[in-house]
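> pasting the sequence and the predicted model now:
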Amino acid sequence: MAPTLSIMDTDISMIAIRDAVAADSQGLAEVQVDAQYADLGHLLPQEYLARFSYPEQASEWRELIERQTGEVILVADNNGRIAGYALGWADHGGTLGHDAELSSLHIRPSYQHTALAEKLLREMARRLSAKECGSLLAWFLEGNTAIEALYGRLGAEQVEEHEWDGNEEYDVHLHEVAVAWSDLHVLYD
């Protein structure tokens, strides 16, 4: 009997990182909703997570992609299945002194124990560097240990921490942490 292959056996070098198109909206929504439950379900109240549905998020992704307002939206495409995404943009106004921001990086739960998040982050750094950005800021919720470990392993340094905006509304006490790479090139050179 042949061994069964799992997603962890997937050769991520075969997963294409490309710009998102409107047809990816449903896959983006699935990754976003599923990853939020997997990554943040132990931190965020069910009431908050329930606000995110596939149809609503798919509609928001489609609108964002079609507006083309300068965001970089990358998808990890595994033969037509969206396995993850990264959303970032140039911020030449300099949030906390950095000229690019990674807004979100989500991986479909079945791909989370691969190096796919790192692959997406490195490509995002390349794309933002091409937009003449030299540094990168990323936010995450304290307690999201997987993303904290990834960012730390790749050399990010903590630059800010503040209370999460939803603390009062959802009766929780969470913190958002900002990390930064002062030189984007360390992520892809």
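Sure thing, it's come through.
> what's around residue 69, how many residues?
Look at residue 69: counted by other Cβ atoms under 10 Å, it has 7 neighbours. (Each C-beta comes from the backbone N, C-alpha and C, glycine too.)
> following the strand or helix carrying residue 47, which helix or strand shows up next?
Per DSSP states H and E, residue 47 falls inside helix 46-49. Going down the chain from helix 46-49, the next helix or strand is helix 54-67, by DSSP H and E.
> counting by contacts, list what that next one packs against.
If you count contacts as 3 or more Cβ pairs under 8 Å, 6 or more residues apart in numbering; DSSP states H and E, helix 54-67 packs onto helix 25-40.
> now do the buried residues in the helix it packs on.
By neighbour count on 16 or more other Cβ atoms under 10 Å, the buried set for helix 25-40 is 25-40.
> against which helices or strands is that helix packed?
Counting contacts by 3+ Cβ pairs under 8 Å, 6+ apart, helix 25-40 is packed against helix 46-49, helix 54-67, strand 72-78, strand 81-95, strand 98-107.
> the fourth one - what's its average pLDDT?
Read it as strand 81-95. Mean pLDDT, strand 81-95: 91.
> buried ones in it?
Buried residues in strand 81-95, defined by neighbour count with 16+ other Cβ under 10 Å: 82-91.
> please apply the same query to stretch 121-136.
Using 16+ other Cβ under 10 Å as the test for burial, stretch 121-136 gives 121-129, 133, 135-136.
> and the angle for the helix or strand of the chain with the lowest mean pLDDT with helix 25-40?
Ranking every helix and strand in the chain by mean pLDDT, DSSP states H and E puts strand 81-95 at the bottom, with a mean of 91. Interaxial angle, strand 81-95 versus helix 25-40 (axes from the mean of the first three to the mean of the last three Cα atoms, to 10 degrees): 70 degrees.
> now strand 81-95 against strand 72-78, angle please.
Orientation check (the same axes, to 10 degrees): strand 81-95 against strand 72-78 gives 160 degrees.
> the helices and strands packed on helix 25-40: lowest mean pLDDT?
strand 81-95 (a mean of 91).
> neighbouring strands for that one, and are they parallel or not?
Each strand paired with strand 81-95, and its direction, by DSSP bridges: strand 72-78 (antiparallel), strand 98-107 (antiparallel).
> is it true that residue 26 touches residue 54?
Yes: at 7.0 Å, residue 26 counts as touching residue 54 under the criterion of Cβ atoms under 8 Å.
> centre-most residue in the chain?
residue 105 (0.6 Å; Cα atoms, centre = their mean).
> ok, now how distant is the residue nearest to that one when sequence neighbours are not counted from residue 175?
Excluding the flanking residues, the one nearest residue 105 by Cβ to Cβ, 6 or more residues apart in numbering is residue 86, at 4.8 Å. Distance of residue 86 to residue 175, given as Cβ to Cβ, to the nearest Å: 23 Å.
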